[in-house]
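**Student:** sequence unknown, structure follows:
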């Protein structure tokens, strides 16, 4: 029996977000967040509204979050959490979270919105699509108890 939770997983820099953006073009009634690179800068996009905001900063500022070589604007993550919480109360066919990574495993980034969405999973009528890099797949499955999620490596057959 499917839980309605799908995990799209591949290696870092393998085109997950690009494939996801293309897949979303053919879907109506979707919500959530997408993290595309525009040029060499990471942005956060509200899938339903189409609005994008710059997530990646060039220098550290108050409220910034450093992850490896990246510096992210903490206020944009707050915006992303708001998008996700609103999407979870809607009636989208798909709710997409691009991506769940180290920050979320540490309780930051899109947390606590991710945990709240997964706890209230049965209240959401659509399906969830979570993007996770392959090196963190086991950790994310264990952390969020997603043992019954369907793992996909390509979206072309996902309807």
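**Tutor:** It's in. Just so it is clear, the model here is predicted, and its values are computed rather than measured.

**Student:** any buried residues in stretch 142-152, and which?
**Tutor:** By 16 or more other CB atoms under 10 Å, the buried positions in stretch 142-152 come out as 144, 146, 149. C-beta: built from backbone N, CA, C; applies to glycine.

**Student:** distance check, the residue lying closest to the first one once chain neighbours are set aside against residue 100.
**Tutor:** Spatial nearest neighbour of residue 144, excluding adjacent residues (CB to CB, 6 or more residues apart in numbering): residue 118 at 5.6 Å. For residue 118, the distance to residue 100 (CB to CB, to the nearest Å) stands at 10 Å.

**Student:** which one of the two has more residues nearby?
**Tutor:** When residue 118 and residue 100 are compared for neighbours, residue 100 comes out ahead with 25 against 19, by other CB atoms under 10 Å.

**Student:** correct me if wrong: the more buried one contacts residue 111.
**Tutor:** No - taking contacts as CB atoms under 8 Å, residue 100 lies outside contact range of residue 111: 9.1 Å.

**Student:** let me know the pLDDT of the closest residue to residue 48 other than its chain neighbours.
**Tutor:** Once flanking residues are discounted, residue 48 sits nearest to residue 31: 4.2 Å by CB to CB, 6+ apart. pLDDT, residue 31: 97.

**Student:** which residues does the host helix or strand of residue 132 contact?
**Tutor:** Per DSSP states H and E: residue 132 is located in strand 127-133. Strand 127-133 is contacted by residues 4-12, 16-17, 20, 32, 93-101, 117-118, 121, 140, 146, 149, 158 when judged by CB atoms under 8 Å, 6 or more residues apart in numbering.

**Student:** mind running it again at 7 Å?
**Tutor:** 4-9, 11-12, 16, 20, 93-101, 140 (CB atoms under 7 Å, 6 or more residues apart in numbering).

**Student:** show the subsequent helix or strand relative to that strand.
**Tutor:** Scanning forward in sequence from strand 127-133 by DSSP H and E, the next helix or strand is helix 137-144.

**Student:** who are the packing partners of that following helix?
**Tutor:** Under the contact definition 3 or more CB pairs under 7 Å, 6 or more residues apart in numbering; DSSP states H and E, helix 137-144 sits against helix 102-105.
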